[in-house]
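Q: Got a predicted structure plus its sequence, pasted below:
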Amino acid sequence: MDVWRQAKWDEPLVFELTKARRETFKVISEFSDEAKEFIKDILNALPKNLIRKEPPRIPDLSEIEVVRHFTRLSQMAYGIDVGPVPLGSCTMKYNPKISEAICRDSRITDIHPDQDEETVQGVLEIIYLMQKWLAEITGMDLCTLNVPAGAAGELAGALMIRKYHELKGEARDEMLIPDSAHGTNPASAAMAGFKVIKIKTDEKGNVDLEAIKAVLSDRTAGIMLTNPNTLGLFEENILEVAKVLHDNDSLLYYDGANLNGILGIARPGDMGFDIVHLNLHKTFAAPHGGGGPGAGAVCAKGKLVNLLPKPIVRKKGGKYILDYDIKYSIGLIRAYYGHVIPTIKSFIYIIMLGPKGLREVSEISTLNTNYFIKLIEGTKGITLPYDPARPRKHEVVISVERLAKETGVNAEDIAKALLDRGLYAPTIYFPLIVHEALMIEFTETETKEMIETYARVLKEIVIEAYRDPKKVKETPRNTSVRRIDNVRANLPKYVTPTYKFIERVKKD
């Protein structure tokens, strides 16, 4: 199967394309006397220090030059539309084009968050339905879509846990977090004022139940868990974990980054989770990363619904309203009502698939992952840590630690070599509990042939590593930018040509 080949354009910055003395458009830097008289009151109201003394620095280019510039850049760029982006725990799946087309409708793009609710009833209805559907999907009682994305959802969940205990008059300041967790989990807990207590992973790849019992106390506010976890394994003891925490009046927070592995099959609420955040842009196929922005949802059950970020869309008297009157709400996580356009894209994704289709998302993504594992099984230098006999869900973490010890070719080298062969590299060196980790996620949108190609290329790289490790460590050779020095690349003075341009602007 053919893989992508990156174009190599020696493309300058758009400012560097500007030719001296060419005038393709005119910037009016001075108003006429008549215009000044017309807007005199407006100009007088503006603070003098905010009025520009020079016209804006805009590239002086014709339309065709601009079009060719960005077309050449696009030919150098890799994205989900040209090949798989198997980033574990990021769930970069294909984004249906019908969602993109619908969301370009001016009735969506031109609305303003300060418009009267009467004028945006259609959008509010979509948000209202999403609240209900996501509550059903997760086993929660109520959701809000005020949250812009996943990490903000984590912070919201942690703040809700803190407020829950504060309302009881308790000062619980410890949050339990598995050592396999996403890095944003401890960061969000710390931002919410908690001390992070790390819980180890047991030999089977589950969060260690005995370790939880050992640290549980009247200072334990809750636990932040991902299920399936970052190893791609379903937490076998989740019901026992929930009971132990709840018996201590501690709460369970669910990180929804890996919902793709259980969508339509199992629900966090049924496992005992009290608060759930979802990444709509991951599980429900709205663009993120370079194609963002993301979108989030935070859901809760029981009395915790009174702590949710506001607003929540409700139906009252046949109309949809934004309800800001939530008794113990932690407040707004983002102004207004979150990122509406990606929410609408996720709404379209859900109604196109329906209940049966949503379940098939998990079934096919799990099948794809385990098919890939079978394809690379027995490859010299590659191992599958933590109970290799257990099926993985939507993602898998393999280790090339043995390969690195025997050849010197490490996970980063493998990633660079994949780029050289026209395939996007997986997540590397995460989770930290797996040495020389390659974290790979094939979503339900990847074909059998593409997975076979990826496995074949990976095995070819490993074979080459044993035959000629130096050759692998010199990759990539076929990309527009060859292998870089990681240390130098992180120093501002070596970030060119951007640095050179900034320095030139400073001089000018």
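A: Received, thanks.

Q: my guess is Ile398 contacts Thr379, does it?
A: No - using C-beta atoms under 8 Å as the test, Ile398 is too far from Thr379 to be in contact (9.1 Å). Backbone N, C-alpha and C define where each C-beta goes, glycine included.

Q: okay, those two: which has more neighbours?
A: Between Ile398 and Thr379, counting by other C-beta atoms under 10 Å, Ile398 is the more crowded of the two (25 against 16).

Q: what residues are up against the closest residue to Leu129 other than its chain neighbours?
A: Nearest non-adjacent residue to Leu129, counting by C-beta to C-beta, 6 or more residues apart in numbering: Phe347, 7.0 Å away. Applying C-beta atoms under 8 Å, 6 or more residues apart in numbering to Phe347 gives the contacts Ile126, Leu129, Met130.

Q: where's Phe347, which helix or strand?
A: helix 340-376 (DSSP states H and E).

Q: so what secondary structure elements neighbour the next helix or strand after that helix?
A: Per DSSP H and E, the first helix or strand lying C-terminal to helix 340-376 is strand 396-399. Judged by 3 or more C-beta pairs under 8 Å, 6 or more residues apart in numbering; DSSP states H and E, strand 396-399 is in contact with helix 340-376, strand 437-440.

Q: try 10 Å this time
A: Judged by 3 or more C-beta pairs under 10 Å, 6 or more residues apart in numbering; DSSP states H and E, strand 396-399 is in contact with helix 340-376, helix 411-420, strand 437-440.

Q: Quick check: buried residues in the next helix-or-strand element following that strand?
A: Per DSSP H and E, the first helix or strand lying C-terminal to strand 396-399 is helix 401-407. Under the neighbour-count criterion of 16 or more other C-beta atoms under 10 Å, helix 401-407 has Glu401, Leu403, Ala404, Thr407 buried.

Q: what's helix 401-407 packed up against?
A: On a contact count with 3+ C-beta pairs under 10 Å, 6+ apart, helix 401-407 meets helix 411-420, helix 448-467, helix 469-473.

Q: Please work out the average pLDDT along it.
A: Helix 401-407 shows a mean pLDDT of 98.

Q: Using PDB, list the CA coordinates for that helix.
A: Extracted as PDB, the C-alpha positions of helix 401-407 are listed here (Å, rounded to 0.1, in the frame of the first residue of the first chain):
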ATOM      1  CA  GLU A 401      13.800  -1.400  25.400                       C
ATOM      2  CA  ARG A 402      15.300  -4.800  24.300                       C
ATOM      3  CA  LEU A 403      16.000  -3.400  20.800                       C
ATOM      4  CA  ALA A 404      17.700  -0.300  22.400                       C
ATOM      5  CA  LYS A 405      19.900  -2.500  24.600                       C
ATOM      6  CA  GLU A 406      20.900  -4.800  21.700                       C
ATOM      7  CA  THR A 407      21.300  -2.200  18.900                       C
END
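
Q: Which residue ranges of the stretch 1-150 of the chain form helices?
A: In chain order, the stretch 1-150 of the chain shows helices spanning 14-17, 33-38, 40-45, 63-75, 97-102, 106-109, 121-138, 150-167, with DSSP state H, counting those that start in this stretch as the criterion.

Q: just checking, Gly422 touches Gln6?
A: Yes - here Gly422 lies in contact with Gln6, judged by C-beta atoms under 10 Å, at a distance of 7.3 Å.

Q: Mutual contacts of these two, please.
A: Residues within reach of Gly422 and of Gln6 at once, by C-beta atoms under 10 Å, 6 or more residues apart in numbering, are Tyr78, Val82, Pro476, Asn478, Thr479.
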